[in-house]
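Trainee: when you get a sec, could you give me coordinates for this:
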Amino acid sequence: MSVLIAILLLLLWTLVPALELRFSIPLGIFTMKEQLSWFQVALICFVANVLLGFFVYWIMAPVFDFLRKWGWFDRRIWPIVKKTRGKVEPFVEKYGELGVAIFIGIPLPGSGVYTGAFGSYLLGLKKRKFAIANVVGVLIAAVAVTALCLLVDKGMVGDDSWFAKLFLKH
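Mentor: Modelled structure (predicted):
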């Protein structure tokens with residue numbers, strides 16, 4: 001596999017909803033060692049995920065303006081939209097853009113830039129505040145996922161690792 005193909009694969013996997021860099025960083029670190037260093041993988045996925053967040057936030061207004069013209073949207077889709085809003089709203093109310101950053105940064109299913117951008121738009125978070133939250137949140141996720149991958153790669157996490165022996169009773 002060439003370096004260009006490796007980069008394209010990382011970019012494509014980073015764009016997949018619910019996977020984002022939570023999948024692409026481990027994919028790159030564990031399967032593309034010959035083409036890219038762990039730092040290059042993390043940097044590519046970080047930049048792609050940040051840009052994805054900006055894009056998703058930016059397209060919300062035109063998409064909703066278009067969709068709200070149809071009644072079926074309000075009956076069938078709007079309840080899903082409100083549910084997503086409910087996921088993000090407690091973080092925004094309690095912590096503002098820092099809450100959105102934490103929500104984006106938690107490397108768990110249902111969080112990430114898609115949901116963070118979507119919820120931020122629905123809650124009326126200003127572009128500048130979302131931009132800060134997006135960068136900080138993606139940085140949190142990228143560092144957490146990269147660190148875990150490197151720990152696993154170096155044998156520090158696993159059943160036979162010193163880490164497991166130190167903290168887990170067998």
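Trainee: is it true that residue 120 touches residue 57?
Mentor: Yes. If you go by Cβ atoms under 8 Å, residue 120 and residue 57 touch, sitting 6.4 Å apart. (Each C-beta comes from the backbone N, C-alpha and C, glycine too.)
Trainee: which of those two has more residues huddled nearby?
Mentor: More neighbours surround residue 120 than the other of residue 120 and residue 57, with 31 against 21 (other Cβ atoms under 10 Å).
Trainee: measure that one to residue 49 for me?
Mentor: Distance of residue 120 to residue 49, given as Cβ to Cβ, to the nearest Å: 15 Å.
Trainee: in this protein, which helix or strand is least confident?
Mentor: Across the helices and strands of the chain, mean pLDDT, DSSP states H and E gives its lowest value to helix 162-167, namely a mean of 58.
Trainee: which residue, other than its chain neighbours, is closest to the residue most central in space within the chain?
Mentor: In the chain, the centroid-proximal residue (Cα atoms, centre = their mean) is residue 112; its distance is 3.4 Å. Setting aside the residues directly before and after it, residue 112 is nearest to residue 20 in space (Cβ to Cβ, 6 or more residues apart in numbering), at 4.8 Å.
Trainee: pLDDT wise, what is the residue nearest to the centre of the chain at?
Mentor: At residue 112, the pLDDT value in this model is 86.
Trainee: hang on, it packs against residue 104?
Mentor: Yes. Counting by Cβ under 8 Å, residue 112 touches residue 104, with 6.2 Å between them.
Trainee: pull up the overlap in contacts between the two.
Mentor: residue 141 (Cβ atoms under 8 Å, 6 or more residues apart in numbering).
Trainee: in the top helix by length along the chain, what counts as buried?
Mentor: Ranked by residue count and defined by DSSP state H, the top helix of the chain is helix 38-67. Using 16 or more other Cβ atoms under 10 Å as the test for burial, helix 38-67 gives 38, 40-42, 44-46, 48-54, 56-57.
Trainee: determine how far that helix lies from the middle of the whole chain.
Mentor: Remark: helix 38-67 is offset 9 Å from the chain centroid, using Cα atoms, centre = their mean, to the nearest Å.
Trainee: after that helix, heading C-terminal, what element do we hit next?
Mentor: On the C-terminal side of helix 38-67, the closest following helix or strand by DSSP states H and E is helix 71-72.
Trainee: who touches that following helix?
Mentor: Contacts of helix 71-72 (Cβ under 8 Å, 6+ apart): none.
Trainee: just checking, next helix/strand downstream of that helix?
Mentor: According to DSSP H and E, the helix or strand after helix 71-72 is helix 78-95.
Trainee: what's that following helix packed up against?
Mentor: With contacts defined as 3 or more Cβ pairs under 8 Å, 6 or more residues apart in numbering; DSSP states H and E, helix 78-95 has these neighbours: helix 97-105, helix 113-122.
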